[in-house]
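Chemist: Based on what follows, work out the 3D shape:
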Amino acid sequence: MKLSNEQREAVTWDGNIKLTACPGSGKTTALVAKVLETSENLAGSFKRIACITYTNAAVNEIKTRLHKLGPSLTHNQIDVTTIHTFCINNILRPFHWRIPHLNQGFSVAAPDSEPFIQAADQVNTKLNLRLKSREPFELLNRAADGSPISRDIPKSAALAFWELLSKQNLVDFPNIVFESWKLLEQFPNIGKTLSAKYFLILVDEFQDTSEVQVEILKNIHQHGKTKFFLVGDSNQSIFSFAGSKPELFDSFSKFINAREDIGLFENFRSSEILVKHAELLLPTVPGMIAAGANKNFGVKPVHIEVNNFISGVTEYYLPALEEYEIPLSKAAILAPWWLPLFELAQSLRGFDIPVVGPGARPYGPRNTFGLLCEDICGYIVDRKPSRLSHVSSSLESLLMDLEKVPPTFSKFKKDLAVVKLMDSATRIRLTHEAAIDWMREAAREFAEILVNQELMTESNQKFLTDSVNQMQAVMEKRKIDLNHFTVEQLGIFASPDKNMKLLNLHSCKGREFEAVAIVEVHDDKIPYGGSQIQSEIEESRRLFYVGATRAKKLLMCFGKKGKTPSRFLNDYLYGI
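Modeler: You can find the predicted model right below:
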């Protein structure tokens, strides 16, 4: 693996390290190289490596790279996971019986699950919150003292929501972490066991780590057997509403006595002109340098005011993609929140532009069975081996949602189930090309396979059929022609090489695109609500910075005529 001098120095350092990494600097490459190097040194040992990253998309990216570079090592010694899955597998699943309200078992209440939706709607109605979406409940987090962290809902609503889930033995994402930390605090031997188990813990996007998550890492560190490889960038800290504090990156680094003098400041992603504009918005120390293949691409970022965003996209953005020969699959549209993306998705589908994002799925909000179907269809249409890891991850997410106590996944059983699901899916397609017909038959056969493999109980078989019924009801309501929504179209949602991406600014972290359009670049959206609070203004600046630095070659910012442009445009566009 080719590494820069800085990457190599960080990877070969034998102790704890804090690695500051600017956008596009190859931090994932450094993470993967460190994992592989450590794996080789641990050959024959019972010790393991944990690579904790922020999103499932990042998990899949790292797993794919590891599989390409060292397929025999991917599962044997390495756990690539989000913090939530790390806590479930290592703390909650084996020790939940020590928690009084979870001692009979628990299920995970994912934001797209029916219990989560019902609890959020019930609290919204009962307390007359008048929320336009369930997003505030999805963004809830929990402080170390147990109090809720939320920008949009009161403490009473958060506590009522958690009480409703708890009565059903359900745990949402913030409580997965909170309950795990409490277990570590009350039972020190759990942390001692984890320290003995993990020789190395790598943490990606550390600037977005919350106080409770840091307390978990401190607990493991105090037993003295685990090394830490921390990667982050305080300029990209954008999740304060979820409890993250950029200063935790520095404080935890000092707590573990990490080396701090190595940084990655060569940007291998963006053109030199885009890097210079980004430096005007948020300068790095030392300065970020364009060093990649796109360095000499000479198109400046622009701000365009339009009557509506679909006209901006169709009249300016899409023609620019064509002019610079940028495929749709390498382009994205970003927004501060989901509503403009939902509206754009509906309109772009009318132009036969394949998109994935809010509103793109004709069957409404995704669910775990729908995600599994998408990944499987993506594979049977375009049989790329790298897609198999996505299918495996989707299957695990589905099973964890279904079972009272998330099962311990035997690698052999899960891999065999994936093979059987693929065979079934391929055979079903021979007689069912319409996606809804395919999903209905797949729900029946997949349930039988998972029960036979002892990965799912018979009582949960109906969940798969119910999921299909729900998706069909939404499509009928939206007047989707079910006969012409095909298996191939279903697979597009799992096919990054075919569709344009629609993402909110928070969701674009860790992603990169040849072209980016940002809509709603208004002063009442960026910063959020036209905030006058300095800390919120600073975070909004970082959020805009994150969006702008996703672009390799082309960046267009769109605002509506008559609205005040974001104050950050003055620094970003006109400082040169």
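Chemist: where exactly do the helices run in the stretch 451-576 of the chain?
Modeler: Chain-ordered helices for the stretch 451-576 of the chain, with DSSP state H, counting those that start in this stretch as the definition, fall at 461-477, 487-492, 534-548, 568-574.
Chemist: Show me what the first one is in contact with.
Modeler: By CB atoms under 8 Å, 6 or more residues apart in numbering, the residues outside helix 461-477 that reach it are 362-364, 367-370, 402, 436, 439-440, 443-444, 446-448, 451, 482, 485. Yep, even glycine has a C-beta here, placed from its N, CA and C like the rest.
Chemist: Pull the number of nearby residues for residue 326.
Modeler: Around residue 326 sit 17 other residues, with neighbours defined as other CB atoms under 10 Å.
Chemist: ok, now residue 1?
Modeler: Using other CB under 10 Å: residue 1 sits among 13 other residues.
Chemist: And the closest residue in space to it that isn't next to it in sequence, what's its pLDDT?
Modeler: Closest residue to residue 1 in three dimensions, ignoring its sequence neighbours and counting by CB to CB, 6 or more residues apart in numbering: residue 33, at 5.4 Å. Reported pLDDT at residue 33 in the predicted model: 95.
Chemist: ok, now residue 496?
Modeler: In the prediction, the pLDDT value recorded for residue 496 is 64.
Chemist: ok, now residue 295?
Modeler: Residue-level confidence at residue 295 comes out at 97, pLDDT.
Chemist: Skipping adjacent residues, who's closest to it in space?
Modeler: Taking CB to CB, 6+ apart, and ignoring the residues beside it in sequence, residue 295 has residue 272 as its nearest neighbour in space, at 5.1 Å.
Chemist: That neighbour reaches residue 299, doesn't it?
Modeler: No - when contacts are counted by CB atoms under 8 Å, residue 272 is not listed as touching residue 299 (11.3 Å).
Chemist: what sits opposite residue 244 in the beta ladder?
Modeler: Counting by DSSP bridges, residue 244 is bridged to residue 210.
Chemist: one step back: list the buried residues of the helix or strand where the residue nearest to residue 1 lies.
Modeler: In this structure, residue 33 is located in helix 27-41 according to DSSP states H and E. For helix 27-41, the buried set under the neighbour-count rule, 16 or more other CB atoms under 10 Å, comprises 27, 28, 29, 30, 31, 32, 33, 34, 35, 36, 38, 39.
Chemist: same deal with stretch 314-323?
Modeler: Those would be 316, 317, 318, 320, 321, for stretch 314-323 by 16+ other CB under 10 Å.
Chemist: Could you tell me the end-to-end distance of that stretch?
Modeler: 13 Å (CA to CA, to the nearest Å).
Chemist: Any of the contacts of helix 461-477 buried? List them.
Modeler: By neighbour count, with 16+ other CB under 10 Å, those hold 362-364, 367-370, 402, 436, 439-440, 443, 446-447, 485 as buried.
Chemist: who's in contact with the helix holding residue 33?
Modeler: Outside of helix 27-41, the residues within contact range by CB under 8 Å, 6+ apart are 1, 3, 7, 10-12, 19, 21, 49, 51, 58, 61-62, 65-66, 69-70, 73, 77-78, 199-200, 202, 204, 229, 231, 264, 510.
Chemist: picking that back up, spatially, which two of the buried ones among the contacts of helix 461-477 are the most separated?
Modeler: In the buried ones among the contacts of helix 461-477, the most distant members under the criterion CB to CB are 402 and 485, with 25.8 Å between them.
Chemist: doesn't residue 55 make contact with residue 511?
Modeler: No - using CB under 8 Å, residue 511 is not in contact with residue 55; the gap is 9.5 Å.
Chemist: between those two, who's got more neighbours?
Modeler: Neighbour count, other CB under 10 Å: between residue 511 and residue 55, residue 511 has more, with 18 against 15.
Chemist: ok, for that one, nearest residue in space, not its chain neighbours?
Modeler: residue 550 (5.8 Å).
Chemist: Where does pLDDT dip in the stretch 1-150 of the chain?
Modeler: By pLDDT under 70, the low-scoring segments of the stretch 1-150 of the chain are 70-75.
Chemist: mind listing the strands for it?
Modeler: 17-21, 48-53, 78-82, 107-108, 141-142, 148-149 (DSSP state E, counting those that start in this stretch).
Chemist: Dump those strands to JSON lines, plus distance to residue 505.
Modeler: Listed next are the strands of the stretch 1-150 of the chain as JSON lines, based on distance: least, CB to CB, whole Å:
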{"stretch": "strand 17-21", "distance to residue 505": "19"}
{"stretch": "strand 48-53", "distance to residue 505": "19"}
{"stretch": "strand 78-82", "distance to residue 505": "20"}
{"stretch": "strand 107-108", "distance to residue 505": "26"}
{"stretch": "strand 141-142", "distance to residue 505": "18"}
{"stretch": "strand 148-149", "distance to residue 505": "19"}
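Chemist: can you tell which of those is closest to residue 501?
Modeler: Once these are compared by CB to CB, strand 48-53 is nearest, at 18.9 Å.
Chemist: Contact partners for residue 192?
Modeler: By CB under 8 Å, 6+ apart, the contact set of residue 192 is residue 223.
Chemist: my bad, should have said residue 421
Modeler: By CB under 8 Å, 6+ apart, the neighbours of residue 421 are 376, 391, 395, 446, 449.
Chemist: If you average pLDDT over each of the helices of the stretch 451-576 of the chain, which is lowest?
Modeler: Mean pLDDT per stretch puts helix 487-492 lowest among these, at a mean of 85.
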